[in-house]
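Novice: The amino acid sequence is not available; the structure is as follows:
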């Protein structure tokens, strides 16, 4: 039953594009079909997640696709992909709702592309075959390219679409070549094995031997190949130059999914492939990645401080927050990787909601200039409430989701002895609080100041409240009960950490009483290594 739900979750958005393509009525039809399809996928994801939390085992599907070449239509969910799948399904519903009144031209094509994008994103996270992963990975480029290029802002939308496509496609080709080499190295001469779980097991066994099938030198080159695609996708500094333009020019739904989900494909790629399949190279590159992550944290925060466009400010904040995700993953220990993965989910929730609210504000006033606003709390208390709560979650206020991920990352960094990097990263948190709270002050407080408009402007309606309420509730849920979200990922995180430990003499999780105590406070006195 769960295996059927897994397939339906991925393919139902794709199937819903058919009635949209043949729709001949008004614009209400395509958006209703899209909403029903995304809600159905979300329900499937919630049922699967509930079962996983109960049993710590997800459904899997394995259909022979090209048996002669060892390629299968193999889907599955584990602790690494679980919450990213739920996040994708949730934000897809959000993307449809924020487009409800904003998109009035070429609606059939818009919602069809939105559903195709959801299928691609879900497919990336549940694919258990490398070829299938790469097909979904590349497939996500196509619908987002058209969403940005056709429905984006009129100023530079085509340039933004081209830049996004060229950057990500070029890097992903190199990544594909690296993955194919790994397949060949770990397969029998007469039979290639593209199964991701099987390759991960082979790499784990290989890490215990003195003569690995992929030497350290070759691993370094393969790591660079994978880095080319995944670092651009994150994006990791200095591969970020395509991101601000794509965010600013994209329609609201495109920004929500780009920041909330698509950027996570890069971090997911590192955690799924680079760390477990290339453990020696991961240790060799850990210093470089950590330094680039910290640079991204500070650079993104400083550039965000200088922005006068709300959307561009939130875009640069993504660069800063994703630096934390990467920093956590490359601590190479369980606490840091758990914090980095959880922070990916946290960033998807908060930044997706922020972009949704920026879109709601733009629909009313047709401008995103910060200087044009002031005192909107007097006129829009609901929008002020949601914007403030999500902002507090984004900057890591204790009791909300952002605090848990950042805290675990910093604990892991200091645990590894990287005190300078930890201190600089902590400075990024302070800068993040400064520019986000300053944004809140300028837009919502003080005397009322509105841009010129020729129509009545009201507070959030029921649809918009319904869009933001679930995300806000989940931010509070993660902040108060983080163990509910950390425990399901612990087993798979531990497996990756053990592979990395075998590949190096460095102990992945030292028996540090202080670290155990602080982690226990966040996880209801339960060890992350459960």
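Specialist: Received it, and whenever you're ready, just let me know what you need. Being a predicted model, the structure only gives us computed values, none of them experimental.

Novice: drop to CA atoms for contacts and neighbour counts, all remaining ones
Specialist: Fine.

Novice: can you give me the helices in the stretch 151-300 of the chain?
Specialist: Ranges of helices within the stretch 151-300 of the chain are 157-185, 196-206, 216-233, 242-249, 252-257, 264-269, 275-277, 279-305, based on DSSP state H, counting those that start in this stretch.

Novice: now the longest one, how far from the chain's geometric center?
Specialist: Looking back up the chat, that one is helix 157-185. Centroid displacement of helix 157-185 relative to its chain, using CA atoms, centre = their mean, to the nearest Å, is 18 Å.

Novice: quick one: average pLDDT of that helix?
Specialist: pLDDT averaged over helix 157-185 equals 87, rounded to a whole number.

Novice: Report the inter-axis angle for that helix versus helix 242-249.
Specialist: What separates the directions of helix 157-185 and helix 242-249 is an angle of 140 degrees, with axes from the mean of the first three to the mean of the last three CA atoms, to 10 degrees.

Novice: Show me which residues of helix 157-185 are buried.
Specialist: Of the residues in helix 157-185, those buried under the neighbour-count criterion (16 or more other CA atoms under 10 Å) are 157-165, 167-169, 171-176, 178-179, 182-183, 185.

Novice: Also stretch 138-157?
Specialist: Result for stretch 138-157 [16+ other CA under 10 Å]: buried residues 138-141, 143-153, 156-157.

Novice: Please enumerate residues in contact with it?
Specialist: For stretch 138-157, the external contacting residues (CA atoms under 8 Å, 6 or more residues apart in numbering) are 103, 110, 113-114, 116-117, 120-121, 158-162, 164-165, 168-169, 172, 246, 248-251, 254.

Novice: In JSON lines, list the helices of the stretch 151-300 of the chain along with distance to residue 77.
Specialist: Rendered in JSON lines, the data for the helices of the stretch 151-300 of the chain read as follows (distance: least, CA to CA, whole Å):
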{"stretch": "helix 157-185", "distance to residue 77": "20"}
{"stretch": "helix 196-206", "distance to residue 77": "11"}
{"stretch": "helix 216-233", "distance to residue 77": "20"}
{"stretch": "helix 242-249", "distance to residue 77": "29"}
{"stretch": "helix 252-257", "distance to residue 77": "21"}
{"stretch": "helix 264-269", "distance to residue 77": "13"}
{"stretch": "helix 275-277", "distance to residue 77": "17"}
{"stretch": "helix 279-305", "distance to residue 77": "23"}
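
Novice: With residue 338 as the reference, name the closest of those.
Specialist: helix 264-269 (12.2 Å; CA to CA).

Novice: Who are the packing partners of that closest one?
Specialist: With contacts defined as 3 or more CA pairs under 8 Å, 6 or more residues apart in numbering; DSSP states H and E, the secondary structure elements packing on helix 264-269 are helix 107-126, helix 216-233, helix 334-365.

Novice: helices or strands next to the last one in the packing?
Specialist: Contacts of helix 334-365 with other secondary structure elements, assessed using 3+ CA pairs under 8 Å, 6+ apart, are made with helix 82-98, helix 252-257, helix 264-269, helix 310-329, helix 381-394, helix 401-415, helix 462-480, helix 483-502.

Novice: got the angle between that helix and helix 401-415?
Specialist: Using the same axes, to 10 degrees, helix 334-365 lies at 150 degrees relative to helix 401-415.

Novice: Would you mind listing the buried residues in helix 334-365?
Specialist: Residues 334-363, 365 are the ones in helix 334-365 that count as buried (16+ other CA under 10 Å).

Novice: try stretch 440-455
Specialist: Residues of stretch 440-455 classed as buried under the neighbour-count rule (16+ other CA under 10 Å) are 440, 441, 442, 443, 444, 445, 449.

Novice: Format those residues as TSV; extra columns: pLDDT and secondary structure.
Specialist: Shown next, in TSV, are the buried residues of stretch 440-455 (pLDDT from 0 to 100; DSSP: H, G, I helix; E, B strand; the rest coil):
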residue	pLDDT	secondary structure
440	93	helix
441	92	helix
442	92	helix
443	92	helix
444	92	helix
445	91	coil
449	87	strand
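
Novice: Surely residue 8 touches residue 41?
Specialist: Yes - counting by CA atoms under 8 Å, residue 8 touches residue 41, with 7.3 Å between them.
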